[in-house]
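Student: need a 3D model of the following:
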Amino acid sequence: MIDLTPIPIVDVRSGGTLRHARVSEARARALRDACLEWFPRACRPLLPFLDHYAKQWLMRSRSPYVEEIRAIAATLGFPGIWFLNGSYQWCCTALARDEGTAPWLVRTLDWPFPGLGRYVEIAHMRGPAGEFFNVTWPGYVGALTALAPGRFAAAINQAPMRRRTHGRLLRFYDLAVNALDTFLHVRDIPPDQLLRQVFETCVNYDEARRVLETTPVARPVIFTLVGCALGQRCVIERTEHDGQTRESETAAANDWLNSTAQWEARIGGGKILSSTFDEAADNSRTRREALSHWPGCFARESFTWITSPVLNPFTRLAVEMCPATGILRAVGYELSPGQPLPQPATLQTEMTASLATA
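Tutor: Take a look at the predicted model:
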């Protein structure tokens, strides 16, 4: 039996993501190697090629963190860092809900790559608006799940895919056309880097919501945001230049709340060819509704909501956050050979941040 350890909490208020990469260099390399194991052996030599094109796009984008990525890539000295930071490709399920006197945000992150659960870390970071805690990985500059005590908490879900065709076997065509269009024509900030910028610069929930609703982004995205007061919770469904916000039904998976034929819900891993359009939508809706209707209390029942279908073969991370109290809990998951569902790869890690960090 493998002894589980807590998720590391790394103080990078001085030095930021570059210091995070330096102090966790061994874990960054181990994560890269674990992710590579998922790819067929014949595809692994393509990593420098993918890294090159991710670098070219990011350098032309409105990313404010390009020099950080460049410094991290030079410090770590192995390919994959640019690709990691340009690969906004994360599926998940999230819920914002009022409990007692404050809102909570809970989420899972689902992706087939091994190692994401085992090597996750919590980076204690700081920006002009105050301090925050980013549930992240060494070498990665964006934010997918983060808590700013006394201000707000937020998470990213991958939005549905724009479809030009509707054939199951033509998904790769749409994936390729979407990627090519982004590479050639889109220069806006990646959604995960916008979310980090929001944590660094926005002083409260209202300001964070406004920025997330109005800033042009490089790819469609779903943001879930909560503040410190009852009723401060929303889901923001964004395309590159437009979007809509809902303050009710504040659960999200990987489809718009109201599905359309022009957009297909994301579905993980090996199901990309086997699933139909309707099956992808059903998968997303089932996960969203299961979490939305969970009857327990997040404040008292940590992670008891992590059951199927929210827990699925691709779940790598689960997080619970309450910005009003400064509580953040996280646990990593990995899928073992022969097991139908992932098991914890870390201890459940809980911290209560001082509200003075705001």
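Student: quick one: distance of stretch 34-41 to the chain centre.
Tutor: Centroid separation between stretch 34-41 and its chain, computed with CA atoms, centre = their mean, to the nearest Å, is 20 Å.
Student: CA atoms of it as CSV?
Tutor: Extracted in CSV, the C-alpha atoms of stretch 34-41 (Å, rounded to 0.1, in the frame of the first residue of the first chain):
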residue,chain,number,x,y,z
ALA,A,34,3.8,10.7,-16.0
CYS,A,35,1.7,12.6,-18.6
LEU,A,36,3.9,11.4,-21.4
GLU,A,37,3.2,7.8,-20.4
TRP,A,38,-0.5,8.4,-21.5
PHE,A,39,0.6,9.1,-25.1
PRO,A,40,1.4,6.3,-27.5
ARG,A,41,5.1,5.8,-27.7
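Student: can you list the buried residues in it?
Tutor: Buried residues in stretch 34-41, counted by 16 or more other CB atoms under 10 Å: 34-36. (C-beta placed from N, C-alpha, C; glycine too.)
Student: could you dump those into a markdown table and include distance to residue 57, pLDDT and secondary structure?
Tutor: A markdown table is the format used below for those (distance: CB to CB, whole Å; pLDDT from 0 to 100; DSSP: H, G, I helix; E, B strand; the rest coil):
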| residue | distance to residue 57 | pLDDT | secondary structure |
| --- | --- | --- | --- |
| 34 | 25 | 90 | helix |
| 35 | 20 | 85 | helix |
| 36 | 21 | 82 | helix |
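Student: any idea how far apart the tips of stretch 60-68 sit?
Tutor: For stretch 60-68, the first-to-last residue distance is 15 Å (CA to CA, to the nearest Å).
Student: could I get the average pLDDT for that stretch?
Tutor: The pLDDT scores in stretch 60-68 average 93.
Student: what lies in contact with that stretch?
Tutor: Stretch 60-68 is contacted by residues 16-18, 58-59, 69, 85, 141-142, 186-190, 193, 196-197, 218 when judged by CB atoms under 8 Å, 6 or more residues apart in numbering.
Student: strand partners (parallel or antiparallel) of the host helix or strand of residue 332?
Tutor: Secondary structure from DSSP states H and E places residue 332 in strand 327-334. Using DSSP bridges, the strands paired with strand 327-334 are strand 315-322 (antiparallel), strand 343-344 (antiparallel), strand 349-352 (antiparallel).
Student: so what's the gap between the shortest one and the chain middle?
Tutor: This means strand 343-344. Offset of strand 343-344 from its chain centre (CA atoms, centre = their mean): 19 Å.
Student: who touches it?
Tutor: The contact list for strand 343-344, computed with CB under 8 Å, 6+ apart, reads 4, 331-336.
Student: and for the closest residue to residue 322 other than its chain neighbours, the neighbour number?
Tutor: Nearest in space to residue 322, with sequence neighbours left out and distances taken as CB to CB, 6 or more residues apart in numbering, is residue 104 at 5.0 Å. Residues lying near residue 104 (other CB atoms under 10 Å) number 23.
Student: verify the stated contact: residue 104 with residue 319.
Tutor: No: contact criterion CB atoms under 8 Å: residue 104 and residue 319 do not qualify, at 10.7 Å.
Student: what about stretch 310-319, how long is it end to end?
Tutor: Stretch 310-319: ends 13 Å apart by CA to CA.
Student: residues in contact with the residue nearest in space to the middle of the chain?
Tutor: Centroid-nearest residue in the chain: residue 144, 3.3 Å away (criterion: CA atoms, centre = their mean). Going by CB under 8 Å, 6+ apart, residue 144 touches 90, 109, 135-136, 155-156, 192, 195.
Student: which residue ranges of the stretch 101-250 of the chain form strands?
Tutor: 102-110, 121-127, 130-136, 145-148, 152-158, 161-162, 221-226, 233-238, 243-246 (DSSP state E, counting those that start in this stretch).
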